[in-house]
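Student: model this:
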Amino acid sequence: MVDHRISPEPAERRRAAHGRDASPAATDAAAGGRAGRRKARRKRGRARRVVLLSLAVVLVLLVGGGSYVYFQLDGNIKSSALFTGTGTQAPEKKDAAGNSPENILVIGSDTRSSATDCQIGGDCGGGGAGANADVEMVVHLSANRTNATVLSIPRDTVTDLPDCKDPTTGAVHSGDRQVLINSSLQYGPGCTVAAVHQLTGITVDHFMMIDFGGVVNMSDAVGGVNVCVDNNVYDPYSHLKLTSGSHTLQGLSALEFLRTRHGFGNGSDLGREGAQHLFLSAMIQKLKSANTLTNPAALYSLANAATKALTVDTALDGITNLTSLAGQLNDVPTNKITFLTTPNLPYQGPVVGLKDDVVLGPDAQQVFTAIQNDQSFSGGTPSASPSAPSADGRTAPAPATSAAAPAAPAIDTAAVHLDVSNASATSGRALAVATVLQQKGYTDAVESGNAAPVEATELVYAPSHAADAQAVASTLGLPSSALRATGTSATLHLYIGSDWPSGTSFGGTTTAASGSAAGAQAPAPTAPVAAPSDASADNAGGSQSCAHVSTEDTTPFGSPTKAFAENPKVPNSAP
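Tutor: Below is the predicted model of the structure:
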């Protein structure tokens, strides 16, 4: 029988040509005696934990220390200018404690830079259109680091592109009018950042771009992701073929699932985004499980694959910078991550479009404004304890709580072994903080010199010393997001980041009153808002549902289920 797997339909090829398709971790145990401890602390090496958000939005990378590994991974990463629009981004709002949220634009590029990439799928016709942004997701990390929102922007959103400047030549490309937003990537990721900012008003702090091959290699490295489909499905364009039920997808089959749009929903990019959210939720849950994080070989493989496939903005370039940001992302509980799709309507403009072309819907600005105002969505903050289900069967959200570290327990402060390192760009920070800690009774707090720069302050400790860490955090006013239970020794290590450039109390200028173990408390986060019904809100910590296979005639054989039945000789993508 003839193999009915087919290449992208001509319409997609034509559309592509016009832009229309296509932590620091803890250190070793200290030597005996206070002088010995100081000396040992200054000499020890660091294990490096890297938690990286890329196409899978929150991919956890745990990499053992060593200069060879560090420099190899560091050298894998490519960088480019963040914002190449001729205008400027709006200033970002801060919370009452002076903390800023982080917005990361995740871009999935359809670049096929090799024959192997072309075999994966998509348009390899050499139409000269350049890369398109097949995936655009804004990952919003709240200022208090208690929740995150992942907003998908449909790649087929019709909009006006901004004027963009070539970062190398300085030449300005006049923005195209009434085109798909994914075509902005033809002028570089900095132009896609400018386009997303123009469309949403959201200030983008960083971008991460990954290509097709990177998705295949990373899903292989984690041993596959479990997904479910509610019917037999075959999409001859992406080559995804699955029987109804649950499957473990990795490598090429994972990419086929992520690329499939003719198989889900109404056969447009909107159905694909829903399936992507299910895949990412499943991957997040797997990556946060203990089994995934205890295999050094697999984790190195994941880190190597991810960094080779990454292009980031220049401010995020390098393992150290990625570690700082990613550590904060990894601390957000899975049940406080909300996936949304930008509300949209079918495009009805003068240019004849297909059913997958959309424009912003009336509720889109409500979503954009909430993110600009650092508001979480009710789907992202369900109760951690049992509560009555809401009318739709979901668990009702818990009241918002403070992001401050837990109140300090009663401990012997003189028995706490603590190193303080300056990982900011401001001189004298470690000495200032170590001095005030000694005044507060932490007589074994030691100024440990400079460390590799990080953006976010971190207090690293072994799980058995959690009470000590909570007491130190409370004394200094550190938020709970700064605590890292990844250490292996009796010594705590405080890395002062660039987010604490002055004063001896985090977010302030002085510590709590002398003799008090309680530090400044961070303000409670803003209460979550309800997501619009047409934003397709989904919680990453919820029970896994199945991707809805399209019932429409989206393939040359009719529906994806009919296509499955008519092509029995085409191999399934996964058992």
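Student: Need phi/psi at Ala80.
Tutor: Just so we're on the same page, residue 80 is Ser rather than Ala. Ser80 adopts backbone torsions of phi -150, psi 170, taken as degrees, to the nearest 10.
Student: you'd agree it is up against Pro167?
Tutor: Yes: with the criterion set as C-beta atoms under 8 Å, Ser80 and Pro167 qualify as a contacting pair; they are 7.1 Å apart. Where you see a C-beta, it was placed from the backbone N, CA and C, and this is true even at glycine.
Student: which residues are common contacts for those two?
Tutor: Shared between the contact lists of Ser80 and Pro167 (criterion: C-beta atoms under 8 Å, 6 or more residues apart in numbering) are residues Gly188, Gly190.
Student: Can you show me the helices along the chain?
Tutor: Defined through DSSP state H, the helices belonging to the chain, from first to last, are 10-17, 34-43, 67-76, 115-120, 189-200, 212-221, 252-259, 269-287, 296-309, 319-330, 364-372, 429-439, 466-476, 560-566.
Student: For the last one, report the contacting residues that lie outside it.
Tutor: Residues outside helix 560-566 that contact it (C-beta under 8 Å, 6+ apart): 4, 231-236, 241, 243, 262-263, 549-551, 554-557.
Student: Show me which positions of it end up buried.
Tutor: Of all the residues in helix 560-566, those buried under the rule 16 or more other C-beta atoms under 10 Å are Pro560, Thr561, Ala563, Phe564.
Student: now do the longest one
Tutor: Buried residues in helix 269-287, counted by 16+ other C-beta under 10 Å: 269-287.
Student: Now Asp553. Its backbone dihedrals?
Tutor: On the backbone of Asp553 - angles per degrees, to the nearest 10 - the values are phi -80, psi 80.
Student: contacting residues around the nearest residue to Thr307 once chain neighbours are set aside?
Tutor: Nearest in space to Thr307, with sequence neighbours left out and distances taken as C-beta to C-beta, 6 or more residues apart in numbering, is Asn76 at 3.7 Å. Listed by C-beta under 8 Å, 6+ apart, the contact partners of Asn76 are Asn304, Thr307, Lys308, Leu310.
Student: Tell me the spacing between the third one and His262.
Tutor: In this structure, Lys308 lies at 30 Å from His262, with C-beta to C-beta, to the nearest Å as the measure.
Student: Pick out whichever of those two has more residues nearby.
Tutor: Legend: neighbour count by other C-beta atoms under 10 Å for Lys308 and His262, higher for His262 (29 against 19).
Student: Next, count neighbours for the closest residue in space to His417 that isn't next to it in sequence.
Tutor: If you skip the residues right next to it in sequence, His417 has Thr491 as its closest partner in space, 4.4 Å away by C-beta to C-beta, 6+ apart. Thr491: 27 surrounding residues under other C-beta under 10 Å.
Student: likewise the one 3 residues further on?
Tutor: Leu494 has 28 neighbours, counted by other C-beta under 10 Å.
Student: Tell me which residues touch it, please.
Tutor: Residues touching Leu494, when contacts are defined by C-beta under 8 Å, 6+ apart, comprise Leu418, Asp419, Val420, Ser421, Val433, Thr457, Glu458, Leu459, Val460, Val472, Leu476.
Student: The first one bridge partners, please.
Tutor: According to DSSP bridges, the partner residues bridging Leu418 are Ala445, Leu492.
Student: Verify the stated contact: it with Asp444.
Tutor: Yes: under the criterion of C-beta under 8 Å, Leu418 makes contact with Asp444 at 6.4 Å.
Student: Could you list the low-confidence segments of the stretch 201-350 of the chain?
Tutor: Regions of the stretch 201-350 of the chain meeting the criterion pLDDT under 70 cover residues 212-216, 287-299, 302, 323, 326-327, 349-350.
Student: I misspoke; the intended subject was the stretch 1-150 of the chain.
Tutor: For the stretch 1-150 of the chain, the stretches flagged by pLDDT under 70 are 1-72, 110-130.
Student: Please name the residues that touch the nearest residue in space to Ser174 that is not next to it in sequence.
Tutor: Once its chain neighbours are removed from consideration, Ser174 has its nearest residue in Asp163; the separation is 5.6 Å (C-beta to C-beta, 6+ apart). When the contact criterion is C-beta under 8 Å, 6+ apart, the partners of Asp163 are Gly85, Thr86, Gly87, Val172, His173, Ser174, Gly175.
Student: Tell me, how many residues neighbour the third one?
Tutor: When you say that, I think you mean Gly87. Around Gly87 there are 12 other residues, counting by other C-beta under 10 Å.
Student: Make sure it is actually in contact with Pro162.
Tutor: Yes: the pair Gly87 and Pro162 qualifies as a contact (C-beta under 8 Å) at a distance of 6.6 Å.
Student: what touches both of these two?
Tutor: With contacts defined as C-beta under 8 Å, 6+ apart, the residues shared by Gly87 and Pro162 are Ala194, Gln198.
Student: Could you verify my assumption that Phe257 touches Leu249?
Tutor: Yes: in this structure Phe257 lies within contact range of Leu249 using C-beta under 8 Å: 5.4 Å.
Student: Between those two, tell me which one has more neighbours.
Tutor: Remark: of Phe257 and Leu249, Phe257 carries more neighbours, 29 against 23, as counted by other C-beta under 10 Å.
Student: which residues do Phe257 and Leu249 both contact?
Tutor: Between them, Phe257 and Leu249 share the contacting residues Val227, Phe279, Ser573, judged by C-beta under 8 Å, 6+ apart.
Student: who's in contact with the second one?
Tutor: By C-beta under 8 Å, 6+ apart, the contact set of Phe279 is Ala56, Val225, Val227, Leu249, Ala254, Phe257, Leu258.
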